[in-house]
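**Q** Sequence first, predicted coordinates after that:
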Amino acid sequence: MPDVAFVNGAFVSLADAKVSIDDRGFQFGDGIYEVIRTYGGRPFELEAHLARLDRSAAALDLIQPYSPAEWTNHILEGIRRAAYPEAKIYIQLTRGVAPRDHAYEADLTPTVVLTVRELHSLSRSVQAAGVEAMTIEDIRWGRCDIKSLSLLGNVLARQQAKRAQVFEAILLKEGSITEGAVSNVMVVRGGTVMTAPEGPRILSGVTRAVVLGLARKEGLPVQERCIAQADLYGADEVFLTGTTVEVLAVVRVDGKVIKDGRPGPITQRLAAGFTGLVG
Ligand code: PLP
């Protein structure tokens with residue numbers, strides 16, 4: 001089955017999908033994106049992803065070319081055309097094409113790209129064993145709540161993790177955990193699930209919200225608050241949440257074993273609850 005691309009209103013093969021070198025996404029990273037996955041062929045939490053796309057667009061004064069209903073139609077059509085058992089949908093919206101100048105005209109036509117590719121989930125053995133992470137200073141800009149294309153801080157952190165042969169970089173700003181390079185981070189201590197509060201330092205993860213909702217439903221105390229590096233090392237459990245990682249245990253951070261080095265009971269409960277939701 002083919003990977004499918006949708007560029008500025010038309011479906012084309014991936015090989016024919018092209019944008020101008022004068023596109024401000026290419027020149028400045030002046031744009032936003034979303035990553036959505038399917039379960040059972042249906043996009044998961046589509047409304048929440050489209051609402052975040054709207055928030056990102058509004059924060060950057062970007063013109064939204066489509067209503068949520070129109071986005072939904074294009075996405076469902078892309079899923080139908082690609083016909084993968086499970087798909088990863090990538091939406092990219094840039095300010096459009098213009099001669100290179102940092103400042104922009106208000107009337108540019110935004111560039112829309114949507115791709116639908118086959119989704120390869122993490123293997124069951126990785127999910128069952130958990131992963132290793134390392135902490136890295138968070139050098140990103142002050143509006144990480146916007147899902148901006150400008151991802152250099154995340155790219156460099158993730159590459160540092162790759163070089164160190166660990167799965168994820170956990171980012172620290174002024175001694176507190178913000179999030180992962182591609183995920184949100186949750187820490188369990190004394191039965192309480194803790195994670196950094198929403199705000200400009202983190203992306204408000206769609207999976208984060210679903211998992212916090214699950215935790216509250218299960219009667220687990222939840223605290224959205226600053227978490228220090230020492231709290232991380234001394235945690236009972238650490239786990240990541242995200243569209244691609246789902247609920248993923250972290251069993252070692254900076255070479256230090258978390259508790260007994262195995263996915264903890266609350267992580268397992270929330271992972272099972274998540275699987276129940278999407279299954
Ligand atoms: N934080 C960052 C920096 C991310 O890139 C992502 C996902 O890609 C997340 C958090 C998790 O967000 P979501 O659950 O909406 O996928």
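**A** Noted; the coordinates are in hand.

**Q** which stretches of the stretch 101-250 of the chain have low pLDDT?
**A** Low-confidence segments of the stretch 101-250 of the chain, defined by pLDDT under 70, are absent.

**Q** what does it have sitting close to the ligand?
**A** Taking C-beta under 6 Å from any ligand atom as the contact definition, the stretch 101-250 of the chain meets the ligand at 154, 179, 182-184, 203, 205-208, 241-243. (C-beta placed from N, C-alpha, C; glycine too.)

**Q** Of those, which belong to strands?
**A** 179, 184, 241-242 (DSSP state E).

**Q** Any chance of the residues of the stretch 101-250 of the chain next to the ligand in CSV with distance to G279 and neighbour count as columns?
**A** Shown next, in CSV, are those (distance: C-beta to C-beta, whole Å; neighbours: other C-beta atoms under 10 Å):
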residue, distance to G279, neighbour count
N154, 30, 21
E179, 26, 29
V182, 23, 20
S183, 21, 26
N184, 22, 25
L203, 25, 22
G205, 20, 23
V206, 18, 23
T207, 15, 22
R208, 20, 23
T241, 17, 26
G242, 18, 22
T243, 16, 20
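
**Q** export the residues you listed to CSV and tack on distance to G9?
**A** Listed next are those as CSV, based on distance: C-beta to C-beta, whole Å:
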residue, distance to G9
N154, 30
E179, 34
V182, 30
S183, 33
N184, 33
L203, 28
G205, 30
V206, 26
T207, 30
R208, 32
T241, 34
G242, 30
T243, 25
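
**Q** Following element in sequence after the helix or strand hosting A249, please.
**A** Using DSSP states H and E, the element containing A249 is strand 246-253. Moving toward the C-terminus from strand 246-253, the next helix or strand (DSSP H and E) is strand 256-257.

**Q** Adjacent strands (with direction) for that following strand?
**A** Strand 256-257 pairs in its sheet with strand 246-253 (antiparallel), by DSSP bridges.

**Q** Dump the C-alpha coordinates for the partner strand into CSV.
**A** Only the C-alpha atoms of strand 246-253 are listed here, as CSV (Å, rounded to 0.1, in the frame of the first residue of the first chain):
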residue,chain,number,x,y,z
GLU,A,246,1.9,5.5,24.6
VAL,A,247,2.6,4.6,28.3
LEU,A,248,6.2,3.5,28.5
ALA,A,249,8.1,2.7,31.7
VAL,A,250,11.5,4.2,32.3
VAL,A,251,13.6,1.8,34.4
ARG,A,252,17.0,3.6,34.4
VAL,A,253,17.9,7.3,34.4
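
**Q** what are the ranges of the strands in the stretch 1-150 of the chain?
**A** 4-7, 10-13, 31-39, 42-43, 87-94, 111-118, 131-137 (DSSP state E, counting those that start in this stretch).

**Q** What residues of the last one count as buried?
**A** Neighbour-count burial for strand 131-137, counted by 16 or more other C-beta atoms under 10 Å, picks out 131-136.

**Q** again, but for stretch 111-129
**A** Buried residues in stretch 111-129 (16+ other C-beta under 10 Å): 111-117, 119, 127.

**Q** out of those, who's nearest the ligand?
**A** L119 (12.9 Å; C-beta to the nearest ligand atom).

**Q** For the closest residue to A5 other than its chain neighbours, give me its contacts.
**A** Among residues not flanking A5 along the chain, A17 sits closest, at 3.7 Å (C-beta to C-beta, 6 or more residues apart in numbering). By C-beta atoms under 8 Å, 6 or more residues apart in numbering, the residues touching A17 are 5, 7, 113, 115.

**Q** which ones are touching the third one?
**A** The neighbours of V113, taking C-beta under 8 Å, 6+ apart as the test, are 5-7, 17, 19, 90-93.

**Q** out of the residues you listed, which one sits closest to the ligand?
**A** Y90 (10.7 Å).
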